[in-house]
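1. what follows is a protein structure lacking sequence information:
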């Protein structure tokens, strides 16, 4: 779901596994707020912070756009990927000329991989009972 509003703002939803991130971007000083916390307070590892910032860095807007995010579900890695996806979709909604750059960087594709459901008669999705001779 992508929605454009007036006043040069853009909103979009990014998803990964069971995590969903509602992203709103506005022109500003480059501040990123996730669930009411700063980026470095919410995603404590450098890898996750870089993942969230990567769509902004690739288009060169990390210092000129403020990002506000509400993210729920999943774990920290899934949430960081959902935020990344949502930022990329919001950037395209904000400026359609950025789409080829973001698509080439593989930010526009929603990763469809998710946990496979458990099947009856098995321990896990594919793990069967261990065979025993006696």
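-> Happy to help now that I have it. The model shown is predicted, which means the values in this text are computed figures rather than measured ones. Numbers count the residues shown, from 1 in each chain.

2. what helix or strand does the residue nearest to the spatial centre of the chain sit in?
-> By C-alpha atoms, centre = their mean, the mean C-alpha position of the chain lies nearest to residue 82, the distance being 1.9 Å. Using DSSP states H and E, residue 82 falls within helix 76-94.

3. the residue nearest to the centre of the chain against residue 22, yeah?
-> No - between residue 82 and residue 22 there is no contact under C-beta atoms under 8 Å: 9.6 Å. All C-beta atoms are positioned from the backbone trio N, CA, C, and that covers glycine.

4. any shared contact partners between these two?
-> residue 71 (C-beta atoms under 8 Å, 6 or more residues apart in numbering).

5. mind listing what's buried in the helix holding residue 82?
-> 77-94 (16 or more other C-beta atoms under 10 Å).

6. now stretch 104-115
-> 107-108.

7. so for that stretch, mean pLDDT?
-> Stretch 104-115 carries an average pLDDT of 94.

8. what sits up against stretch 18-28?
-> By C-beta under 8 Å, 6+ apart, stretch 18-28 touches 7-15, 64-75, 78-79, 81-83, 85-87, 89-91, 94, 114.

9. just the buried positions in that stretch, please.
-> Quick answer for stretch 18-28 (16+ other C-beta under 10 Å): 19-26.

10. can you flag which of those residues belong to helices?
-> Counting by DSSP state H, no part of these is found in helices.

11. with pLDDT and distance to residue 102 as extra columns, can I get these in TSV?
-> What follows is the buried residues of stretch 18-28, written out as TSV (pLDDT from 0 to 100; distance: C-beta to C-beta, whole Å):
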residue	pLDDT	distance to residue 102
19	97	20
20	97	19
21	97	16
22	97	19
23	97	13
24	97	18
25	96	13
26	96	18
